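>>> Prediction below, plus the sequence it came from.
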Amino acid sequence: MSGFSEDGSWWWDGTAWVATSQVVIPDLPVSDQQGIERMDAYRNVGKAAFWLGLGEIGTTKDYAGAVFIPWLVFQRPTFRAYRASMLKQVEAACTYLLGPDEPMVAGEVAIYPRVWGGLLDGKLALAVTRAHVLVLGIDISSRRLRWIFVAARPGDVFIGFHWGFLWGYPTLFVHHAGRVYQIRGSWGILQRDPVLKAWREALAQPVPAAVPK
């Protein structure tokens, strides 16, 4: 059986306690990788548009515009596919870290565009189970979950949200132990309601006992 200590500082790997900050999540088998592959191709298009644009400065050429327009047009469907694939990873990570008896109830993945460089950003994922809130780190180079930044009881965190009008993006905030973790998403992609509902319902439930030390 796997699980975390009461304060979330330690993780039981089935044989020994490991500091949560030292846990490296392995590549876990998931049923959906298409969104990640699609995102990699989309990211390459954005980078191409950026470098073409730099090369056209001071000229009358506009090849970058021909590439940048599809980058904008396909942004939303690509982000949705990527989010769906990454949430499968988050679900698998919850099973790996907490065991099959404590599945993910709701989750979210940070993903938003950075026009500068034609790149994309988003290095955090959030998961809510009936007894835990997890903030996980994404290795951007491999598009895989790798690290655990927060493993806490629902009552030990506060999850908030703001729309990010004008100069920002819609963002879920996880406040824990004096730190704030931002799960920033794109308009029409990030879904706040399932996460907030799951967290509030977890607050109202009895807290299961932690794995015995």
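Received the coordinates, thanks.

>>> Next one, pLDDT for the residue nearest to Phe4 when sequence neighbours are not counted please.
Among residues not flanking Phe4 along the chain, Ala151 sits closest, at 4.7 Å (CB to CB, 6 or more residues apart in numbering). From N, CA and C alone the C-beta is placed, and that goes for glycine too. Model confidence at Ala151, expressed as pLDDT, equals 98.

>>> same check, this time on Val30
81.

>>> Could you do Lys61 as well?
Looking at Lys61, the pLDDT reads 54.

>>> before we move on, what about Leu145?
pLDDT at Leu145 comes out at 96.

>>> from what I can see it touches Gly137, true?
Yes - shown here, Leu145 and Gly137 form a contact pair, counting by CB atoms under 8 Å, at 7.1 Å.

>>> Buried residues, stretch 105-116. List them.
For stretch 105-116, burial by neighbour count (16 or more other CB atoms under 10 Å) applies to 105-113.

>>> Now intersect these with the strands, please.
Using DSSP state E, 106-109, 112-113 are the members of the buried residues of stretch 105-116 that sit in strands.

>>> Quickly run through the sheet partners of the biggest strand by length in the chain, with directions.
In terms of residue count, the longest strand belonging to the chain (DSSP E) is strand 144-152. Using DSSP bridges, the strands paired with strand 144-152 in its sheet are strand 133-139 (antiparallel).

>>> Any idea what the residue nearest to Asp27 when sequence neighbours are not counted is bridged to?
Closest residue to Asp27 apart from its sequence neighbours, by CB to CB, 6+ apart: Arg144 at 6.0 Å. Listed beta-bridge partners, Arg144: Asp139 (assigned using DSSP bridges).
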